[in-house]
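*Asks:* Fold the following.
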Amino acid sequence: MQFSTFGTKFSQHSGITQLMDDLNDGLQNPDAIMLGGGNPAAIPEMIEHFTHLSQRMVEDGSLVSALTNYDGPQGKSSFISALAKLLSDTYGWPISEKNIMLTNGSQCAFFYLFNLFGGQYDDGSFKKILLPLTPEYIGYADSGLTPEIFTSFKPTIEHLNNRQFKYHVDFDALEIDESVAAICASRPTNPTGNVLTDEEVRKLDVLAQKHGIPLIIDNAYGVPFPNIIFEDVTPFWNSNTILCSSLSKLGLPGVRCGIIIASENIITALSNINGIVSLAPCGVGPALAQEMIKTGDLLTLSENVIKPFYQDKAQRTIAKLQQAIPDSRFKIHKAEGAIFLWLWFEGLPIPTKELYQRLKQRGLLVVPGEYFFIGSELDWDHTHECLRMNYVQPDELIERGIEILADEVSKAYAGS
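*Replies:* Presented below is the predicted three-dimensional model:
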């Protein structure tokens, strides 16, 4: 049996497929230490809130209504209107319900966006998506309908105290020509926990507008919800910005709800794509989130429950890692947000893909760093020296995982 070009490309194994396979397999294995996947923490206060909220919505019929009715291709209109008002009131952004649409998860949203702007054009030209800073989210890597849809640049590295470091956009090296169709960056960044500074975002916006291309910001962990961001930064949006949010890291990954905020013409185009590809996005997540907006719980829980939970967990995990691996070659990216720690083993004599396999044999699941350097063939040892670690599991699992990691890293450095 033969597949089409599309079928061949998207039926192949990829980094994101491996990640989700490991996540699923780990969930079936009670002994696995799941420090690889992106499942959010089961925060007790949030679980309790969602339990009471769904019970209340069952009683008043609104949850069953969301389950038994289609929404339009743009998504649940009542939630979109409520969200537009919330963002307008909170930040003064000039948006309405015409500036927002929903997708079946952020992965779906970026598939639409990257292929809306990147790829082959009718005039014969080929356009790319610029990632101004790698490493970037593993889920982007294979989402283009055509290969080589991304171009990217390696970051500068700021070395910090206490064996920490931070990536920055290298604006001196950044090049934008007519082949670039859009700029895309996540804030905070999965996998590294990096947060673009306000100055970096402003510079990217200036470049995007100068070249007549949109700036796409992946806001899956950002403000105002779920607010897993530990730096004092200014939320950013204008008519040239495409801001992508999600309900997943709020604690609702199962409802698969991505949110796109953009100019009206882009929302119209994406809604048309949504109708063709998905018919309509799921309405359950928007129904839940609409109730949270109505009660004021969406922003309150994000600020007072979700953010402090992750910030405390990140700092405690960093302390455990630094204690367990005292080697000066081991460094951690400054935890500025998101739900991962980015670990750098400078001079590691084996690639982290091999380290990943060794750890997997011992029941510890992480993600090797090679998958996150998207869009450039970099002759850079750094790309083989990093890995991503989820820090949201219970403390006892974190500690067991760190013990295994420390042991295997020590063996690798020793040449065994």
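*Asks:* quick one, helices of the stretch 251-400 of the chain?
*Replies:* 264-277, 284-295, 297-301, 307-324, 352-361, 395-413 (DSSP state H, counting those that start in this stretch).
*Asks:* quick one, the fifth one and helix 395-413 angle?
*Replies:* So the one you mean is helix 352-361. 130 degrees (axes from the mean of the first three to the mean of the last three C-alpha atoms, to 10 degrees).
*Asks:* Now do the buried residues in helix 352-361.
*Replies:* By neighbour count with 16 or more other C-beta atoms under 10 Å, helix 352-361 contains the buried residues T352, L355, Y356, R358, L359, K360. Glycine gets a C-beta too; all of them are placed from N, C-alpha and C.
*Asks:* what do you get for the fourth one?
*Replies:* When neighbours are counted by 16+ other C-beta under 10 Å, the buried residues of helix 307-324 are found to be K307, F309, Y310, Q311, K313, A314, T317, I318, K320, L321, A324.
*Asks:* now the first one: how far from A338?
*Replies:* With distances defined as C-beta to C-beta, to the nearest Å, the gap from K307 to A338 amounts to 12 Å.
*Asks:* What of the fifth one?
*Replies:* The span separating K313 from A338 equals 12 Å under the rule C-beta to C-beta.
*Asks:* And for the second one?
*Replies:* Here the distance between F309 and A338 works out to 13 Å (C-beta to C-beta).
*Asks:* The last one too?
*Replies:* Taking C-beta to C-beta as the measure, A324 and A338 are separated by 22 Å.
*Asks:* cool, the third one as well?
*Replies:* For Y310, the distance to A338 (C-beta to C-beta) stands at 8 Å.
*Asks:* Residues in contact with both of these two, list them for me.
*Replies:* I228 (C-beta atoms under 8 Å, 6 or more residues apart in numbering).
*Asks:* Tell me, what's the model's pLDDT at the closest residue to F150 other than its chain neighbours?
*Replies:* Distances taken as C-beta to C-beta, 6 or more residues apart in numbering put G375 closest to F150, at 3.3 Å, once the chain neighbours are dropped. pLDDT recorded at G375 is 86.
*Asks:* Let me know the closest of the buried residues of helix 352-361 to M57.
*Replies:* Closest approach between the buried residues of helix 352-361 and M57, by C-beta to C-beta: K360, at 40.4 Å.
*Asks:* and P351, how many residues sit next to it?
*Replies:* Applying other C-beta atoms under 10 Å, we find 16 other residues in the vicinity of P351.
*Asks:* From D312, how far out is D395?
*Replies:* 11 Å.
*Asks:* Following the lowest-mean-pLDDT helix or strand in the chain in sequence, what is the next regular element?
*Replies:* Every helix and strand in the chain was compared by mean pLDDT, DSSP states H and E; the lowest is helix 15-28, with a mean of 61. Note on helix 15-28: by DSSP states H and E, the next helix or strand toward the C-terminus is strand 33-34.
*Asks:* Columns pLDDT and distance to L160 on top of the buried residues of helix 307-324, output as JSON lines?
*Replies:* Below are those laid out as JSON lines (pLDDT from 0 to 100; distance: C-beta to C-beta, whole Å):
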{"residue": "K307", "pLDDT": "98", "distance to L160": "22"}
{"residue": "F309", "pLDDT": "98", "distance to L160": "24"}
{"residue": "Y310", "pLDDT": "98", "distance to L160": "20"}
{"residue": "Q311", "pLDDT": "98", "distance to L160": "17"}
{"residue": "K313", "pLDDT": "97", "distance to L160": "20"}
{"residue": "A314", "pLDDT": "98", "distance to L160": "15"}
{"residue": "T317", "pLDDT": "98", "distance to L160": "17"}
{"residue": "I318", "pLDDT": "98", "distance to L160": "12"}
{"residue": "K320", "pLDDT": "98", "distance to L160": "19"}
{"residue": "L321", "pLDDT": "98", "distance to L160": "15"}
{"residue": "A324", "pLDDT": "98", "distance to L160": "20"}
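*Asks:* For stretch 164-175, buried residues please.
*Replies:* In stretch 164-175, counting by 16+ other C-beta under 10 Å, buried: Q164, F165, K166, Y167, V169.
*Asks:* For that stretch, the averaged confidence score.
*Replies:* Average pLDDT, stretch 164-175: 97.
*Asks:* Start and end of it, how far apart?
*Replies:* End-to-end span of stretch 164-175 (C-alpha to C-alpha, to the nearest Å): 28 Å.
*Asks:* and what of stretch 82-100?
*Replies:* The stretch stretch 82-100 measures 11 Å between its terminal residues, going by C-alpha to C-alpha.
*Asks:* And stretch 149-158, by the same measure?
*Replies:* Where stretch 149-158 begins and where it ends lie 29 Å apart, using C-alpha to C-alpha.
*Asks:* just stretch 339-349 next, same as before
*Replies:* Termini of stretch 339-349 sit 28 Å apart (C-alpha to C-alpha).
*Asks:* Going forward, count from 709.
*Replies:* Sure thing, new numbering starts at 709, so read that last one as stretch 1047-1057.
*Asks:* ok, and for it, which residues are buried?
*Replies:* Neighbour-count burial for stretch 1047-1057 [16+ other C-beta under 10 Å]: I1047, F1048, L1049, W1050, L1051, W1052, F1053, L1056.
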